[in-house]
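Asker: test case, fold it:
(chains A and B)
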Number of protein chains: 2
Amino acid sequence: MTGTVTPIKITNKEIANDFLNRYDTFLFDCDGVLWLGNHLLPYTKEFLDTLTKLGKQAIFVTNNSTKSRLQYTKKFASFGVTVKEEQIFTSGYASAIYVRDFLKLQPGKDKVWVFGESGIADELSKMGYESLGGVDPRLETEFDATTSPFLINGLDESVTAVIAGLDHNINYHKLAITLQYLQQEKVHFVGTNVDSTFPQKGFTFPGAGSMVESLAFSSGRRPAYCGKPNMNMLNTIVSAFNLDKSKCCMVGDRLNTDMKFGVEGKLGGTLLVLSGIETEERALEISEEHVNPKFFAEKLGDIYELYKQ
Amino acid sequence: MTGTVTPIKITNKEIANDFLNRYDTFLFDCDGVLWLGNHLLPYTKEFLDTLTKLGKQAIFVTNNSTKSRLQYTKKFASFGVTVKEEQIFTSGYASAIYVRDFLKLQPGKDKVWVFGESGIADELSKMGYESLGGVDPRLETEFDATTSPFLINGLDESVTAVIAGLDHNINYHKLAITLQYLQQEKVHFVGTNVDSTFPQKGFTFPGAGSMVESLAFSSGRRPAYCGKPNMNMLNTIVSAFNLDKSKCCMVGDRLNTDMKFGVEGKLGGTLLVLSGIETEERALEISEEHVNPKFFAEKLGDIYELYKQ
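Answerer: Numbering: from 1, shown residues only, chains lettered A, B, ... in the order given. Okay, the predicted model is just below:
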């Protein structure tokens, strides 16, 4: 492929220094990069502290829509890392921004039906939007078309968008009512992120995309996806921080979302870490099915250790 | 389109007689044709009794996999209609036949993981296959990768096929474990039926296909679909009753499953009834997106009333 350059593995202090010097801003995926579930990866805190000392900017970009940005700051704090809400972009937040800036829904007038966990509704609420569905406990009851409180008085006419994402409490009641809204032409269909799976504890479990695609199939509609690698998310971040893209580096553990996000977004660089789901073989493999990173490392902490040598 | 003949609406006794005389065997879809949910449509029983008096054969072919054939005989009985188990083909039964005759799974050795309701496992059990998953109450508990009884001792190595269909009790535990089996190359992936939705009480709710497609997306695999309009189902029926296809008529309420099933299966005729989800406009519409029926009627009972005049 024209322009393909062999990815550089960060294996010594010189390469580590070169990598750190090239960029002003680092965009981090979180799970698989900084931590695995509730287990912080070694030297993550030290790496982030080093960036601060070097005057670099850190931004956290996650396709996880189940938590709000505020909840993410608490997760960072539990690891002893102080991060401001403004530094965090979740796919739920990106979806709320899409609803506000692209679909131009009006707070106080338009409502959003949510299929997903609290991270989506929380971000909508912060922007002044009323949402329905989501974690409403009435959706946890067994579905019956004749008694569902979401059907007996008709659909809410104020709903003009559906945002759908990962819901660990997926059930038929939620799928059925979400479909009713998607059957209305006036209702926009937004998906938080396309990820078919996510890794956890050595397994690969169904991701947001598998639920959004179920709704896409039943409704016969295509969603507008907001998370990585969609450029809506990158454009929002670049504009919010007034970033020089050539001085930005995307750091992640997935070729088909994180690395694609950095390459298609024309960021100055990309770093793949192998602490998530990818292997060195995949990082180096030339394939039309995925992009290659500019740099890669076994894990983020390795770069800190090399830098400190 | 070459060979397209305008569908004939059955509106008088002469056409009704001609329709009944043409065929020896009638294959009926059930919901939307014979009944709507738990409400038998007018003159259904009389129509079926007439067929018996005329020496015709009736076979019932449904994409509903939630009930077994035995349960279907009970549903017919509740309406005062006597039907033998052998006259009924559900998509769950078709899937079990596919597993037995096409995949050649061995009873007592191979096991099947089921995503769906009891109608699937019941048919497998009748053929001597042990199934896992399905309505196992342990799948109703909240999913945790570290405690799930389906993960802690590893997957069952005897499982060589997954059958997935409609499950009104869909949850994350079921999706997650089913995906683990689908991630094994040796495990075949069978879908009961592709229907994206089904009609109920004036609404359209998510169908089996929406769940199977969710699993297809998370696993990156394509299922073998067994229900209508798949020809596996028709071939099984034709062979079981040694039917002359030219003397068979498919009766249904959906163009894209029932009528397609009859046309692609080269049955002698098709009858669309408008008591389900289609309209006269759609029945007559020439479109590359759907086939047209040979005959159509507002409802099955109309044909009985015209015949009796």
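Asker: every contact and neighbour count from this point should use C-alpha atoms.
Answerer: Will do.
Asker: specify the beta-bridge partners of the residue lying closest to A:C30 once chain neighbours are set aside.
Answerer: Closest residue to A:C30 apart from its sequence neighbours, by C-alpha to C-alpha, 6 or more residues apart in numbering or on different chains: A:T62 at 6.0 Å. According to DSSP bridges, the residues that bridge with A:T62 are A:T90.
Asker: and A:T62, how far from A:L234?
Answerer: Using C-alpha to C-alpha, to the nearest Å, one gets 12 Å for the distance from A:T62 to A:L234.
Asker: which residues are common contacts for these two?
Answerer: Shared contacts of A:T62 and A:L234, defined by C-alpha atoms under 8 Å, 6 or more residues apart in numbering or on different chains, comprise A:K228.
Asker: what does chain A have sitting close to chain B?
Answerer: Contact residues, chain A versus chain B (C-alpha under 8 Å from any C-alpha of the partner chain): A:145, A:168-172, A:175-176, A:179-180, A:196-197, A:200-201, A:203-207, A:209-211, A:213-215, A:217-219.
Asker: mind listing the helices for the stretch 1-150 of chain A?
Answerer: Counting by DSSP state H, counting those that start in this stretch, the stretch 1-150 of chain A has helices at residues A:13-22, A:44-53, A:69-78, A:91-97, A:118-126.
Asker: returning to that earlier point: please pick the buried ones from the residues of chain A next to chain B.
Answerer: Taking 16 or more other C-alpha atoms under 10 Å in any protein chain shown as the criterion, what is buried in the residues of chain A next to chain B is A:145, A:168-172, A:175-176, A:179-180, A:196-197, A:204-207, A:209-211, A:213-215, A:217-219.
Asker: in strands, which of these fall?
Answerer: In strands, judged by DSSP state E, the following of these are found: A:T197, A:T204, A:F205, A:P206.
Asker: what's the spacing between A:K126 and A:I8?
Answerer: Distance, A:K126 to A:I8, by C-alpha to C-alpha: 42 Å.
Asker: these two - which one has more neighbours?
Answerer: Regarding A:K126 and A:I8, a neighbour count based on other C-alpha atoms under 10 Å in any protein chain shown identifies A:I8 as having more, with 16 against 11.
Asker: count of neighbours near the residue lying closest to A:F143 once chain neighbours are set aside?
Answerer: Leaving aside its sequence neighbours, A:F143 sits nearest to A:H173 (C-alpha to C-alpha, 6+ apart; 4.7 Å). Other residues within reach of A:H173 by the criterion other C-alpha under 10 Å amount to 24.
Asker: A:N256 too?
Answerer: 15.
Asker: so for the residue nearest to it when sequence neighbours are not counted, what's the pLDDT?
Answerer: Sequence neighbours aside, A:H290 is the residue nearest to A:N256 in space, at 5.9 Å (criterion: C-alpha to C-alpha, 6+ apart). Reading off the confidence values, A:H290 has pLDDT 91.
Asker: what's near enough to touch A:H290?
Answerer: A:L255, A:N256, A:K260.
Asker: can you list the domains in chain A?
Answerer: Residue ranges for each domain of chain A read A:8-63+A:229-308, A:97-225, as given by automatic domain parsing.
Asker: could you dump those to a markdown table with distance to A:S78?
Answerer: Listed next are the domains of chain A as a markdown table, based on distance: least, C-alpha to C-alpha, whole Å:
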| stretch | distance to A:S78 |
| --- | --- |
| domain A:8-63+A:229-308 | 9 |
| domain A:97-225 | 18 |
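Asker: nearest to B:L267, out of those domains?
Answerer: domain A:97-225 (29.1 Å; C-alpha to C-alpha).
Asker: start and end of the closest one, how far apart?
Answerer: Across its full length, domain A:97-225 reaches 12 Å end to end, with C-alpha to C-alpha as the criterion.
Asker: from the chain's centre, how far out does that domain sit?
Answerer: In this view, domain A:97-225 has its centroid 16 Å away from the chain centroid, taken as C-alpha atoms, centre = their mean, to the nearest Å.
Asker: what mean pLDDT does it have?
Answerer: Summarised as a single mean, pLDDT over domain A:97-225 is 97.
Asker: same question for stretch A:54-62.
Answerer: Throughout stretch A:54-62, pLDDT has a mean value of 97.
Asker: what's the answer for stretch A:36-50, then?
Answerer: Stretch A:36-50 shows an average pLDDT of 94 in the prediction.
Asker: can you tell me the distance between the two ends of it?
Answerer: This stretch, stretch A:36-50, spans 21 Å end to end (C-alpha to C-alpha).
Asker: likewise for stretch A:163-182?
Answerer: End-to-end distance of stretch A:163-182 (C-alpha to C-alpha): 10 Å.
Asker: next, the buried residues of stretch A:274-288.
Answerer: A:L274, A:S275, A:G276, A:E278, A:T279, A:A283, A:L284.
Asker: ignore the last one, stretch A:233-242
Answerer: Taking 16+ other C-alpha under 10 Å as the neighbour-count basis, stretch A:233-242 is seen to contain the buried residues A:M233, A:L234, A:T236, A:I237.
Asker: what about those residues, which are in strands?
Answerer: The strands, defined by DSSP E, take in nothing from those.
Asker: please tell me I have it right and A:V238 contacts A:K245.
Answerer: Yes - with contact defined as C-alpha atoms under 8 Å, A:V238 reaches A:K245; the gap is 7.3 Å.
Asker: contacts only, for A:L234.
Answerer: The contact partners of A:L234, taken as C-alpha under 8 Å, 6+ apart, are A:K228, A:F261, A:G265.
Asker: what's the spacing between it and chain B?
Answerer: When C-alpha to the nearest C-alpha, to the nearest Å is applied, the distance between A:L234 and chain B equals 25 Å.
Asker: now A:L284
Answerer: From A:L284 across to chain B, the span is 22 Å (C-alpha to the nearest C-alpha).
Asker: same thing with A:D302?
Answerer: Look at A:D302 and chain B: by C-alpha to the nearest C-alpha, they are 29 Å apart.
Asker: for A:V61, same thing?
Answerer: From A:V61 across to chain B, the span is 22 Å (C-alpha to the nearest C-alpha).
Asker: residues near that residue, how many?
Answerer: Other residues close to A:V61 by other C-alpha under 10 Å number 25.
Asker: pretty sure it sits against A:V33.
Answerer: No - no contact is recorded between A:V61 and A:V33 when judged using C-alpha under 8 Å, the distance being 11.1 Å.
Asker: excluding its backbone neighbours, what's nearest the residue of chain A most remote from its centre?
Answerer: Most distant from the centre of chain A: A:T146, at 37.1 Å, with distances by C-alpha atoms, centre = their mean. With C-alpha to C-alpha, 6+ apart as the criterion, A:T146 has its nearest non-adjacent residue at 6.7 Å, and that residue is A:I152.
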